[in-house]
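S.K.: pasting the structure only:
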C-alpha cells in the first residue's frame, strides 16, 4: 500500500513545497539510494551485460532490464564504449494500476510534477517517478566501472501507459542514434536508456 | 515470497516502495521522529479519505466483501476473518518492499523503529516500524468510512508481527477486552500470531 499512499504524499508535498520542491526532494532521494547501493566493477561489457541479464547490478532494483547488445555505441576509433538498455514495463505502471483499482484515479499531482520536470529540467517524464528514476540511474552509473572506466547514463526515451512517447533529442544527439531506431524500440519497451563510458570520445554526426 | 502480496491486486514494483522508504528517511532527517510520525498519520488519513465510503446491510454481507477484497479494508492486504470479529492479515503488505530493501540497500534505517516507538507511546498501538503506523492509521480511518447495519465500524489492533518474527501485542490492560470482542482466547491469539502478520478486531459501534 506504500506505493498508493505515495500518491497522496505527493499531493501533500506539492501543497507544502510546490512541484519544484518535490522534484528536488525526489532527486535527492535518487542520489541517496544510488549511493547506498554502493560501487560495482566489471571486467568488460560482456560481463556487465551478463550481470544485467541476471539481475545482479544496481539497475536490477528497477525490475527486468534488457541489454540491447545489437545496439552498441562506438567511439571515434570504432571501439564499443556503451550499449542501449531497455525496460519492457515502467516501474511505476503497477502503482498506477493499483491506484486506479483502489482509489479510483491517478492523482493530478503526479502529472503536475512530471510537467514541471519536463518544462524546467528534461522533457522526458510521464510521471513523478521518472524524476527520481533519471537521477538514480545517473548516480548509479558513476558507481559502476566497466574495464576500469566509470559509466554515464543517458535517459533516451519513455512511453507512458496512455501511449504518449517522449524522446530526448539532446541525449540522442550525444550518442549519434537516429530517432527512428528509438521510436521502433518504444513499441516493445517503455523506458530506454544508454550506458556508456564516461568521457568517451563519440563519433559526431 | 516473490509473487503476490495480495491475490486480487496487481503487485507493486518494490522499487517504488524502496524509494518511498528513502523518501521517509530523508523527511525524518529534516523534521525528526515526531514530524515523521505526524506525516505518516496524515499520509494514511489522506489515503483513506481518498477512497470511497461503503455501506452494508448486515455483518455477513460486510464479511463477504472483506474476504473477497471488495472492501477498502482489504484493498491492500490478504485478509481473513477467523471469527465474526477477529481478522488476520496473512502476509505483511510491506514484505516484498522490505526484503528488496534489505537485499539491495542494506539494514533498515533505525528511524523506522524509532518512529514506531513514538507512535505506540502516543496511540497505544502495536507498530513494529514506520510502515505499521501507515497501516494501522489507514485501517482506523478507513473503518470509519464503512457502515454496517447503519453503524460505523470500529477497528482495534491486537498484535503485529514483522517479517523477521518480531512481535508487538497490545498491553495487558486492554488485551482481555479486545480478545473478548474478537471472540478468541489467549492460546488462539498465540496461534494466530505465529503464522500471520497482524491480528485485529472489527466491531460495529
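M.R.: Arrived safely, thanks for sending. Keep in mind it's a predicted model, so treat the numbers as computed, not measured.
S.K.: which SS state does the residue in chain A sticking out farthest from the centre fall under?
M.R.: Here chain A reaches farthest from its C-alpha mean at residue A:77, the gap being 27.8 Å by Cα atoms, centre = their mean. Secondary structure state of residue A:77, per DSSP: H, G, I helix; E, B strand; the rest coil, is coil.
S.K.: do residue B:51 as well
M.R.: Per three-state DSSP, residue B:51 ends up coil.
S.K.: can you pull out the strands in the chain?
M.R.: As the question left the chain open, I've gone with chain A. Along chain A, the stretches classed as strands by DSSP state E are A:40-42, A:66-74, A:80-87, A:144-146, A:149-159, A:165-167, A:191-197.
S.K.: meant chain B actually
M.R.: B:54-56, B:79-81, B:86-89, B:146-148, B:151-161, B:167-169, B:198-204.
S.K.: Does the third one pack against any helices or strands, and if so which?
M.R.: Secondary-structure packing of strand B:86-89 (3 or more Cβ pairs under 8 Å, 6 or more residues apart in numbering or on different chains; DSSP states H and E): strand B:79-81, strand B:198-204. From N, CA and C alone the C-beta is placed, and that goes for glycine too.
S.K.: and among those strands, the most buried is which?
M.R.: Counting by mean count of other Cβ atoms under 10 Å in any protein chain shown, strand B:198-204 has the highest mean neighbour count of those, with a mean of 23.
S.K.: what's the angle between that strand and strand B:151-161?
M.R.: For strand B:198-204 against strand B:151-161, the angle between stretch directions is 170 degrees (axes from the mean of the first three to the mean of the last three Cα atoms, to 10 degrees).
S.K.: Spell out which parts of chain A neighbour chain B.
M.R.: Contacts of chain A with chain B, taken as Cβ under 8 Å from any Cβ of the partner chain, map to A:1-6, A:8-9, A:11-12, A:25-26, A:28-30, A:32-33, A:36-37, A:58, A:60-63, A:91-95, A:97-98, A:101-104, A:129, A:132.
S.K.: from these, which would you call buried?
M.R.: The neighbour-count criterion (16 or more other Cβ atoms under 10 Å in any protein chain shown) marks A:1-6, A:8-9, A:11-12, A:25-26, A:29-30, A:32-33, A:36-37, A:58, A:60-63, A:91-95, A:97-98, A:102-103, A:129, A:132 among the residues of chain A next to chain B as buried.
S.K.: do you know how far the residue nearest the centre of chain A is from residue B:54?
M.R.: Note on chain A: the residue nearest the mean C-alpha position is residue A:134, at 4.4 Å, using Cα atoms, centre = their mean. Noted for residue A:134: a distance of 39 Å to residue B:54, by Cβ to Cβ, to the nearest Å.
S.K.: circling back to that earlier point, can you add mean pLDDT and give the strands of chain B back as CSV?
M.R.: Converted to CSV, the strands of chain B look like this (pLDDT from 0 to 100):
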stretch, mean pLDDT
strand B:54-56, 96
strand B:79-81, 93
strand B:86-89, 96
strand B:146-148, 96
strand B:151-161, 95
strand B:167-169, 95
strand B:198-204, 96
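S.K.: Distance to residue B:176 for these - can I get that in CSV?
M.R.: CSV is the format used below for the strands of chain B (distance: least, Cβ to Cβ, whole Å):
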stretch, distance to residue B:176
strand B:54-56, 29
strand B:79-81, 21
strand B:86-89, 14
strand B:146-148, 24
strand B:151-161, 11
strand B:167-169, 12
strand B:198-204, 12
